[in-house]
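Trainee: Need the 3D shape of this:
(one chain, ligands or ions: 1)
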Amino acid sequence: MVSQSPDTRITTEAPVRAPSTVPVDDTVLPFEVETLDLRGRLARLGPALDDVLAKHDYPAPVGKLLGEAIVLATLLGSALKFDGRFILQTQTDGPVSFLIVDFQAPDRLRAYARYDASRLTDGQDSGALLGKGHLAMTVDQGPDMSRYQGLVALDGGSLEEAAHEYFLRSEQIPTRVRLAVGEEWRGGDGDGPKHRWRAGGMLLQFLPKAPERARQADLHPGDAPDGAVTHRIMEDDAWVEGQSLIGTVEDIELIDPDLSGERLLYRLFHERGVRVFAPLPLRARCSCSRDAVSSMLRSFAASDRADMVKDGKVEVTCEFCSSVYRFTPHEAGVE
Ligand SMILES: [Zn+2]
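Mentor: The predicted structure follows:
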């Protein structure tokens, strides 16, 4: 583990007064359950997710997996201060060998996956698609701040499980995450219903004022000798309740286009009182540009630039958004 704890706590904002029943897509709703010392965020993604996935025409299982990674990165990245950047990447030996989600605070996200279509079979879950390897989460809070990276081994488990491992090892804040991605077929005029991706996710953290209450039960005893009595930590009742509540959230509730985030939070936490803060909007937007690609080309060695000339031009495709940039050999700095 090469990490220092990024602060994923939510900054205080003005609470929303009138609970809305209208679902708002492409937003993150921060919330607080003060009586249980719980803080969290609920992400609902519609058009922004569809935009990212549709640029690549991924097979459905790959789209779903990348969607889960996008929701996870959104839940984590949306806690960053302005100018912060959160990057989630996996490198594994499964059919989806690489995926990356780049979240730039406050609201921009982009992502892509590399996969081997010949290794996709029916019924592969996200663990089988990823296979073995690792998940890296990098937090960059701007030029004046240090950059840190947390690494988690992937061994056939889901991204949710990997996220829990990450929080246990590097953040040491008791955290649970739920992720769901679905395909929706709706409307359409004449040529049948239209396909759209939707996703939702929830992150819940236990942040008591007294730090000793946050000790977690499932820390491995480490290198204690065999037969040693391991000290069993009882989890705090408030956190036991928080985990049990988030455990009841169904995938369909996270992605239901007719259920607002506020309604879902109320449904879960109303007995304890939940306070919902102003929603943070999200959008799918790539940060590539002709200027950036051009200066990247100029940073290459002259011989490498010359090798890139095909049919009298240099063509560069952005892997995130599939934009194609074309340069004449002269523009690309080839003599
Ligand atoms: Zn791009």
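Trainee: buried residues in the helix or strand that contains Ile246?
Mentor: Taking DSSP states H and E as the definition, one finds Ile246 inside helix 237-247. For helix 237-247, the neighbour count (16 or more other CB atoms under 10 Å) marks Ala238, Trp239, Glu241, Gly242, Gln243, Leu245, Ile246 as buried. Every C-beta, even on glycine, is put in place using the N, C-alpha and C of the backbone.
Trainee: Output the helix or strand following that helix as CSV, restricted to C-alpha atoms.
Mentor: Following the chain from helix 237-247 toward its C-terminal end, the next helix or strand by DSSP H and E is helix 251-255. Taking only C-alpha atoms (Å, rounded to 0.1, in the frame of the first residue of the first chain), the coordinates of helix 251-255 have been written out as CSV:
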residue,chain,number,x,y,z
ASP,A,251,-30.0,-2.7,-7.6
ILE,A,252,-33.3,-1.7,-9.1
GLU,A,253,-33.7,1.1,-6.5
LEU,A,254,-30.3,2.5,-7.4
ILE,A,255,-31.1,2.7,-11.1
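Trainee: can you name the two of the buried residues of helix 237-247 that are farthest apart?
Mentor: Spatially, the most separated pair among the buried residues of helix 237-247 is Ala238 and Ile246, at 12.9 Å (CB to CB).
Trainee: For the residue positioned nearest the centre of the chain, give its distance to the ion.
Mentor: The centroid of the chain falls nearest to Ala73 when counting by CA atoms, centre = their mean (1.9 Å). Computed as CB to the ion, to the nearest Å, the Ala73 to the ion distance reads 17 Å.
Trainee: what about Gly187, neighbour count?
Mentor: Burial measure for Gly187: 9 neighbouring residues, criterion other CB atoms under 10 Å.
Trainee: what bridges to the nearest residue to it once chain neighbours are set aside?
Mentor: Distances taken as CB to CB, 6 or more residues apart in numbering place Lys194 nearest to Gly187, at 5.8 Å, with adjacent residues excluded. Listed by DSSP bridges, the beta-bridge partners for Lys194 are Arg186.
Trainee: I'd guessed Lys194 sits against Arg186; true?
Mentor: Yes. A contact is recorded between Lys194 and Arg186 when judged using CB atoms under 8 Å, the distance being 6.2 Å.
Trainee: Of those two, which one has the most company?
Mentor: Comparing Lys194 with Arg186 by neighbour count (other CB under 10 Å), the higher total belongs to Lys194, at 12 against 9.
Trainee: Look at stretch 168-184 and report the distance between its end residues.
Mentor: End-to-end distance for stretch 168-184: 34 Å, by CA to CA, to the nearest Å.
Trainee: quick one on the thing from earlier: overlap in contacts, Ala238 and Ile246.
Mentor: For the pair Ala238 and Ile246, no residue contacts each of them under the criterion CB atoms under 8 Å, 6 or more residues apart in numbering.
Trainee: Look up which helix or strand whatever residue of the stretch 51-200 of the chain ends up closest to the ion falls in, please.
Mentor: With CB to the ion as the measure, Arg110 is the residue of the stretch 51-200 of the chain nearest to the ion, at 6.8 Å. Arg110 is located in strand 108-115, with elements delineated by DSSP H and E.
Trainee: Show me what that strand is packed against.
Mentor: Helices and strands in packing contact with strand 108-115 are listed as helix 47-54, helix 60-77, strand 96-104, strand 283-284; criterion 3 or more CB pairs under 8 Å, 6 or more residues apart in numbering; DSSP states H and E.
Trainee: With just CA atoms, put that strand into CSV.
Mentor: Listed next in CSV are the C-alpha coordinates belonging to strand 108-115 (Å, rounded to 0.1, in the frame of the first residue of the first chain):
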residue,chain,number,x,y,z
ARG,A,108,-16.2,16.0,-15.5
LEU,A,109,-15.8,12.3,-16.2
ARG,A,110,-14.4,10.2,-19.0
ALA,A,111,-13.6,6.5,-19.2
TYR,A,112,-12.7,3.6,-21.5
ALA,A,113,-11.9,-0.1,-21.4
ARG,A,114,-9.8,-2.5,-23.4
TYR,A,115,-11.1,-5.9,-23.9
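Trainee: Quick check: mean pLDDT of the following helix or strand past it?
Mentor: Read in the C-terminal direction, the helix or strand following strand 108-115 is helix 126-130, with elements assigned using DSSP H and E. In this model, helix 126-130 has a mean pLDDT of 95.
Trainee: If we go by neighbour counts, what in the next helix or strand after helix 126-130 is buried?
Mentor: Using DSSP H and E, the helix or strand that directly follows helix 126-130 along the chain is strand 132-140. Neighbour-count burial for strand 132-140, with 16+ other CB under 10 Å as criterion, is recorded at Gly133, Leu135, Ala136, Met137, Thr138, Val139, Asp140.
Trainee: No further questions, thank you.
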